[in-house]
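**Q** this is the structure alone, sequence omitted:
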Ligand SMILES: NC(=O)c1ccc[n+]([C@@H]2O[C@H](COP(=O)([O-])OP(=O)(O)OC[C@H]3O[C@@H](n4cnc5c(N)ncnc54)[C@H](O)[C@@H]3O)[C@@H](O)[C@H]2O)c1
Ligand SMILES: O=C(O)C(=O)C[C@]1(C(=O)O)C=C[C@@H](O)C=C1
């Protein structure tokens with residue numbers, strides 16, 4: 001193994017060709033990030049329309065006849081968690097790569113299944129990039145999805161060190177920080193920081209189905225922040241949560257207990273011996289816990305864009321005109337967010353641009369009569 005992994009400048013394991021099996025959100029995002037470093041990426045997906053879109057996005061070239069004349073440096077299995085062990089086994093049988101990894105959100109069960117299926121654990125380094133979105137498919141992919149994020153690696157004791165080095169290199173090329181930890185430890189950690197929070201967000205969002213139009217019209221950014229991830233695919237998340245059942249259930253029980261204490265505190269607040277202290281204690285602990293999250297103090301290295309809010313009327317074609325005006329000013333829109341409060345004829349389009357382009361855009365849009373609000 002040691003001799004078969006090529007090296008790049010500085011003795012780092014080189015990664016020149018990568019196969020990505022599963023060209024959805026994560027597979028295509030990894031592929032786009034690798035393409036931006038000139039890595040030759042070969043893609044496959046059982047869904048031809050998905051594969052075509054990923055190829056059209058520039059994420060790589062399609063795998064022909066399920067085989068490569070020369071094994072790639074690394075194969076990344078970016079399929080749904082339940083499919084990973086079987087896809088890995090087939091890829092190893094076909095000799096697609098020298099080293100294999102996956103991106104599944106759960107690890108211990110997948111590692112056990114891979115061992116049971118007789119996968120070669122020396123060349124397999126289970127992985128989990130801690131970046132994602134609440135959308136699926138290649139259309140939602142972004143090359144910067146993993147910038148500044150952790151990327152968990154959970155090799156078994158049988159993994160070859162050069163395989164771990166090659167998969168770490170993939171994580172770094174995607175702008176992430178590889179962290180090696182045991183699969184069970186990983187699953188307990190993500191139960192706390194990803195899986196239980198996802199379920200809690202879904203439970204909050206589920207309450208919104210009972211909200212009438214006048215209540216929903218008042219929705220601001222708070223509820224959107226708290227529920228964003230609830231937009232994820234229920235099928236995928238059922239698989240993820242069921243593969244990490246006991247650790248997630250433990251965290252959810254603790255959250256439920258805090259919520260029950262809070263509700264009781266509110267219900268009994270008017271009683272002579274009632275107290276808001278239990279509620280306050282949860283709020284205090286919540287604020288402390290939120291402050292414990294890393295990245296808050298500038299550790300994340302995403303490019304910082306200037307965000308320019310533009311108030312627009314809610315009518316057909318308005319976005320096209322706005323983008324055309326930015327284009328005429330020679331300004332590239334890096335990202336865009338649209339806030340539209342139901343029932344109101346106006347909305348806010350927040351244009352993200354490179355900081356050095358902000359003044360040009362403000363000037364051009366103001367001159368053209370757009371309602372621009374820099375610094376808001
Ligand atoms: N969505 C996230 O935020 C996120 C973040 C990190 C990791 N992950 C993990 O990444 C993996 C992919 O998730 P996604 O969000 O990209 O989902 P997705 O639905 O966007 O993509 C999954 C792709 O896998 C393909 N696929 C299905 N069966 C396959 C098979 N047998 N072989 C090859 N491809 C197959 C599907 O056609 C689809 O294109 C999952 O294991 C998930 O747990 C997801
Ligand atoms: O940011 C999001 O939308 C995500 O859901 C990303 C997120 C997370 O919980 O952080 C979700 C699941 C993945 O397995 C990894 C990352």
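**A** Here it is on my side, so go on. Since the structure is predicted, the reported quantities are computational estimates derived from the model, not experimental observations. Ligands and ions are numbered 1, 2, ... in the order given.
**Q** show me what from the protein comes close to ligand 2.
**A** Contact residues (C-beta under 6 Å from any ligand atom) of the chain with ligand 2: 105, 130-134, 194, 229. The C-beta positions use only the backbone N, C-alpha and C, and glycine is treated the same way.
**Q** contacting ligand 1 as well, which ones from those residues?
**A** 105, 132-133.
**Q** which one among those residues gets closest to residue 287?
**A** Comparing those against residue 287 with C-beta to C-beta places residue 132 closest, at 25.7 Å.
**Q** what are the phi and psi values at that closest one?
**A** phi -170, psi -170 (degrees, to the nearest 10).
**Q** how about the helices in the stretch 51-200 of the chain?
**A** Secondary structure of the stretch 51-200 of the chain (DSSP state H, counting those that start in this stretch): helices at 84-94, 108-116, 161-173, 183-190, 196-207.
**Q** buried residues, the fourth one. List them.
**A** For helix 183-190, a neighbour-count test (16 or more other C-beta atoms under 10 Å) marks 183, 186-190 as buried.
**Q** what's the burial count for residue 54?
**A** Using other C-beta atoms under 10 Å, residue 54 has 29 other residues around it.
**Q** err, residue 328, not the other one
**A** Residues lying near residue 328 (other C-beta under 10 Å) number 10.
**Q** possible to save the buried residues of helix 183-190 as JSON lines with pLDDT?
**A** Formatted as JSON lines, the buried residues of helix 183-190 follow (pLDDT from 0 to 100):
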{"residue": "183", "pLDDT": "98"}
{"residue": "186", "pLDDT": "98"}
{"residue": "187", "pLDDT": "98"}
{"residue": "188", "pLDDT": "98"}
{"residue": "189", "pLDDT": "98"}
{"residue": "190", "pLDDT": "98"}
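**Q** among the residues you listed, which one lies nearest to ligand 2?
**A** Nearest to ligand 2 out of the buried residues of helix 183-190 is residue 190 (C-beta to the nearest ligand atom; 6.7 Å).
**Q** does the closest one really touch residue 128, like I thought?
**A** Yes: using C-beta atoms under 8 Å, residue 190 is in contact with residue 128, at 7.3 Å.
**Q** so what sits against both of those two?
**A** Counting by C-beta atoms under 8 Å, 6 or more residues apart in numbering, the common neighbours of residue 190 and residue 128 are 105-106, 152.
**Q** just those residues: which are in strands?
**A** Among these, the residues falling in strands (DSSP state E) are residue 152.
**Q** JSON lines for the shared contacts of residue 190 and residue 128, including neighbour count and pLDDT?
**A** Listed next are those as JSON lines, based on neighbours: other C-beta atoms under 10 Å; pLDDT from 0 to 100:
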{"residue": "105", "neighbour count": "26", "pLDDT": "98"}
{"residue": "106", "neighbour count": "27", "pLDDT": "98"}
{"residue": "152", "neighbour count": "23", "pLDDT": "98"}
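**Q** and which of the shared contacts of residue 190 and residue 128 is nearest ligand 1?
**A** Nearest to ligand 1 among the shared contacts of residue 190 and residue 128, with distances taken as C-beta to the nearest ligand atom, is residue 105, at 3.5 Å.
**Q** can you give me the pLDDT of the residue of the stretch 51-200 of the chain found nearest ligand 1?
**A** Sorted by distance to ligand 1 under C-beta to the nearest ligand atom, the residues of the stretch 51-200 of the chain start with residue 132, at 1.8 Å. For residue 132, the model assigns a pLDDT of 96.
**Q** my read: it touches residue 78, true?
**A** No: using C-beta under 8 Å, residue 132 is not in contact with residue 78; the gap is 11.3 Å.
**Q** the two: which is more packed in?
**A** Between residue 132 and residue 78, counting by other C-beta under 10 Å, residue 78 is the more crowded of the two (26 against 20).
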